[in-house]
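J.: A structural model of the following input is requested.
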Amino acid sequence: MACVAFVIISHSQELAEGVVELASQMAPDIHFEIAAGEDTGGLGTSMSKVEDALDRALARIHKPGSDSCRRGVLLLTDLGSSTMVAQTVLELRGNPKDCMCVTAPLVEGTVAAAVAAHGGSGLAQVAVAACQSAIDLAERARTEIAQITSVVLEPSSSRIFEITSQQILEEEMTVSDPAGLHARPAALLVRALAPMDAQVWINDVDASSVLELMSLGVRQGQHIHVRAQGLEREEAMRCVREMLQGHGS
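T.: This is a model prediction of the structure:
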């Protein structure tokens with residue numbers, strides 16, 4: 001069982017259910033709880049709903065005999081007031097170490113974090129994956145703003161991991177999966193590469209990010225350029241080749 005469960009906090013029940021449905025497709029077996037809408041059923045947020053959802057998620061994660069050091073619940077929210085409610089709930093509980101609420105886009109952050117949790121990451125790593133999705137989106141937005149306005153923005157660091165080995169392998173590949181490099185294939189590739197001591201780029205985007213891979217819009221039959229760097233670069237390149245050209249699953 002995964003170490004991390006999720007509480008999705010939204011003003012809208014339908015929005016929260018859609019986010020959970022999407023993330024569950026890419027990271028099956030992850031447990032989600034929803035706290036959405038006011039107590040009366042209208043749009044808004046409810047502290048009691050968040051508290052109840054958090055209790056259910058914690059009960060799911062902390063079972064007798066489980067290793068609790070990496071286990072926990074990640075709370076993700078849609079708008080400012082829901083974030084305030086989530087933070088208030090945690091503050092009233094003394095900010096427990098097994099609960100975290102991070103600033104991340106609800107859809108992208110949930111997907112990225114759920115994929116990390118499905119791969120066995122602990123709470124801190126899952127929270128980082130959610131935050132990284134915000135950084136990735138911000139970098140793309142900066143590029144788009146520059147293109148629209150012709151304003152050059154100062155670059156910011158968006159990478160959390162450093163690569164120590166300087167040798168890079170490069171290879172051209174053709175994607176054979178009928179789904180291209182979208183949704184499920186992207187999530188499967190990210191999970192397969194996660195344990196390897198290597199950094200991989202596909203068409204110059206970070207292959208450790210589901211959102212970055214999906215943003216490429218690669219379809220079946222398209223050619224891609226793959227680069228791999230790190231101690232296990234050869235294994236990583238072989239993994240990409242088998243999954244994208246050999247239709248791995």
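J.: is it true that residue 201 touches residue 207?
T.: Yes - using Cβ atoms under 8 Å, residue 201 is in contact with residue 207, at 6.1 Å. Using the backbone N, CA and C atoms, a C-beta is placed for each residue, glycine as well.
J.: who's more crowded, those two?
T.: A side-by-side neighbour count of residue 201 and residue 207, using other Cβ atoms under 10 Å, places residue 207 first with 25 against 17.
J.: any idea of the pLDDT on that one?
T.: For residue 207, the pLDDT comes out at 92.
J.: and it, how far is that from residue 190?
T.: 7 Å (Cβ to Cβ, to the nearest Å).
J.: Give me the common contacts of those two.
T.: residue 213 (Cβ atoms under 8 Å, 6 or more residues apart in numbering).
J.: Name the residue most distant from the centre of this structure?
T.: Using Cα atoms, centre = their mean, the residue of the chain lying farthest from its centre is residue 40. It sits 31.7 Å away.
J.: Quick check: that one vs residue 211, distance?
T.: In terms of Cβ to Cβ, residue 40 sits 35 Å off from residue 211.
J.: Then residue 120?
T.: Distance, residue 120 to residue 211, by Cβ to Cβ: 20 Å.
J.: cool, residue 241 as well?
T.: 23 Å.
J.: and if you look at residue 130?
T.: Where residue 211 is concerned, residue 130 sits at a distance of 11 Å (Cβ to Cβ).
J.: and what of residue 188?
T.: 15 Å.
J.: If you count surrounding residues, which of those two has more?
T.: Using other Cβ under 10 Å, the more surrounded residue of residue 188 and residue 211 is residue 211, with 22 against 17.
J.: pLDDT score for the closest residue to residue 140 other than its chain neighbours?
T.: Using Cβ to Cβ, 6 or more residues apart in numbering and skipping the chain neighbours, the partner closest in space to residue 140 is residue 215 (7.0 Å). Model confidence at residue 215, given as pLDDT, is 77.
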